[in-house]
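Participant: take a look and give me a structure for this.
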Amino acid sequence: MLSGTRLRPEGRRTARAVVATTAEVLERGGLDEGALAPWERRRLAKVRVPDRRDDVLAARLLLRLCAARLTGWPPRELVPVQFCADCGRHGHGRPFLWDHPEVGISLSHADGLVAAAAGPGAVGVDVEPAGRRVGPPPMRARLLGEAGLRDAAARPDPGRAVLRQWVRGEALFKAGHRTGPLLPRPPGLPWADGPGSHPSRLDGLYVLDWTDERRAAVVTAVAAAPVRLLSAASLLTPSAPRAPHTPRAPRALHETM
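Facilitator: Numbers count the residues shown, from 1 in each chain. I've put the predicted structure just below:
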């Protein structure tokens, strides 16, 4: 139990976000399924598809590593919980750290990729394989609107541009913004569909879009504080040399929601 401890000074001013492959996380020594809370292990046991189970486990472990970097607390002592203010029950709703509701946390996983974020206040993160494409056409139209679709068609890679808006919408929704993945692109935000990282602001929230070309990942983190991107290598110490990452064949988004 960590009651009474406080965030590092820098942890009160910035959020942290990181992306990695599932294999990178699971190859790290010193952290495994035993680090999960009982409710997480029960939920993990219900996942019958081996690859998806690995993704879920890796995302939850990466979340602990990310939150540990923010707080200075040992990863195994960090207990994520979820609580729904609408129904007053645990097990769903916005996640946070037990005994420290001021620390917002978020995780995402998709076909061999995992992402995590932690910070003071609201936090949201989402990741998708760069080769994934949003479909069918009615979904794209609802996501961007007719004008947005025309703008996307003029981008260097229209499919990547639409995917960016999906990922951004998911992260904003997780952070509590009224925007969701099936709502039009918020005005004023850049497309941010190119390489590198792209910070921006929306309604008081800090938005960091980035593309990890090595891992073929499209990622967005949203937080109430400026987002600092962590290197996966700074968090992960593999127990054995890693083989080059070979992305899994991405499924269409409408088949995975």
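
Participant: what about residue 171, how many neighbours?
Facilitator: 31 (other Cβ atoms under 10 Å). Every C-beta, even on glycine, is put in place using the N, C-alpha and C of the backbone.

Participant: now do stretch 23-31, average pLDDT.
Facilitator: In this model, stretch 23-31 has a mean pLDDT of 90.

Participant: one more: stretch 204-214?
Facilitator: 94.

Participant: quick check: buried residues in that stretch?
Facilitator: 205, 206, 207, 208, 209, 210, 211, 212 (16 or more other Cβ atoms under 10 Å).

Participant: thought the first one was touching residue 175?
Facilitator: Yes. Residue 205 lies in contact with residue 175 (Cβ atoms under 8 Å); the separation is 6.1 Å.

Participant: just the buried residues of stretch 204-214 now: which is nearest residue 35?
Facilitator: Residue 35 lies nearest to residue 212 out of the buried residues of stretch 204-214, by Cβ to Cβ, at 24.6 Å.

Participant: list the beta-bridge partners for residue 97.
Facilitator: Beta-bridge partners recorded for residue 97 (DSSP bridges): residue 80, residue 100.

Participant: shaky segments in this structure?
Facilitator: Across the chain, the ranges flagged by pLDDT under 70 are 1-12, 90-91, 180-188, 238-257.

Participant: and residue 219, what element?
Facilitator: Here residue 219, judged by DSSP states H and E, is contained in strand 217-223.

Participant: pull the residues that contact whichever helix or strand comes after that strand.
Facilitator: Moving toward the C-terminus from strand 217-223, the next helix or strand (DSSP H and E) is strand 227-229. Strand 227-229 has contacts (Cβ atoms under 8 Å, 6 or more residues apart in numbering) with 14-18, 117, 119, 197, 199, 206-208, 210, 221.

Participant: buried ones among these?
Facilitator: For the contacts of strand 227-229, buried by 16+ other Cβ under 10 Å: 14, 15, 16, 17, 18, 117, 119, 206, 207, 208, 210, 221.
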